[in-house]
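> coords below, sequence missing:
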């Protein structure tokens, strides 16, 4: 069994190389080792969907909690993300691909889907 200190996991994926590099730069500033994958593939297929998951951020499993805490602040707005219903900072990005029909899935190759958030406390969902 792999030790958490050695196991590498995919923390998240991003729509663009720029977004992924902003997050990587922030983690680098905190001294957390990480790397990106699918950067070149993403430039060929720039829209994140079921087949092309976007640019992936990889971290060591042991750093997960620290990364989660650091990235709790939205790296693209510089603001802390909070649930609009209950104010909880415990939110998750939801992939709504499973709700799509065939036509929507085909169209997702052309048009990126917006990020949808879900509160882990009150289960509210918003864009």
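Yep, it's here. None of the values given here were measured: they were computed from a predicted structure.
> all strands of this protein, in order?
Along the chain, counting by DSSP state E, strands occupy 8-14, 34-37, 55-60, 91-94, 116-119, 125-126.
> ok, and the helix or strand in this protein with the lowest average confidence?
Across the helices and strands of the chain, the lowest-confidence element by mean pLDDT, DSSP states H and E is helix 102-107, at a mean of 56.
> thought residue 125 was touching residue 93?
No - using Cβ atoms under 8 Å as the test, residue 125 is too far from residue 93 to be in contact (10.9 Å). From N, CA and C alone the C-beta is placed, and that goes for glycine too.
> domain map for this structure?
With domains defined by automatic domain parsing, the chain comprises 1-74, 81-127.
> and these, which one averages the lowest pLDDT?
When the domains of the chain are ranked by mean pLDDT, domain 81-127 comes last with a mean of 68.
> end to end on it, go ahead and measure it.
One end of domain 81-127 sits 12 Å from the other (Cα to Cα, to the nearest Å).
> swap in stretch 66-86?
End-to-end distance of stretch 66-86 (Cα to Cα): 24 Å.
> what of stretch 23-37?
First-to-last residue span, stretch 23-37, Cα to Cα: 13 Å.
> enumerate every residue touching the residue nearest to residue 72 when sequence neighbours are not counted.
Nearest residue to residue 72 in three dimensions, chain neighbours excluded: residue 89, at 5.9 Å (Cβ to Cβ, 6 or more residues apart in numbering). Residue 89 makes contact with 72, 80-83, according to Cβ atoms under 8 Å, 6 or more residues apart in numbering.
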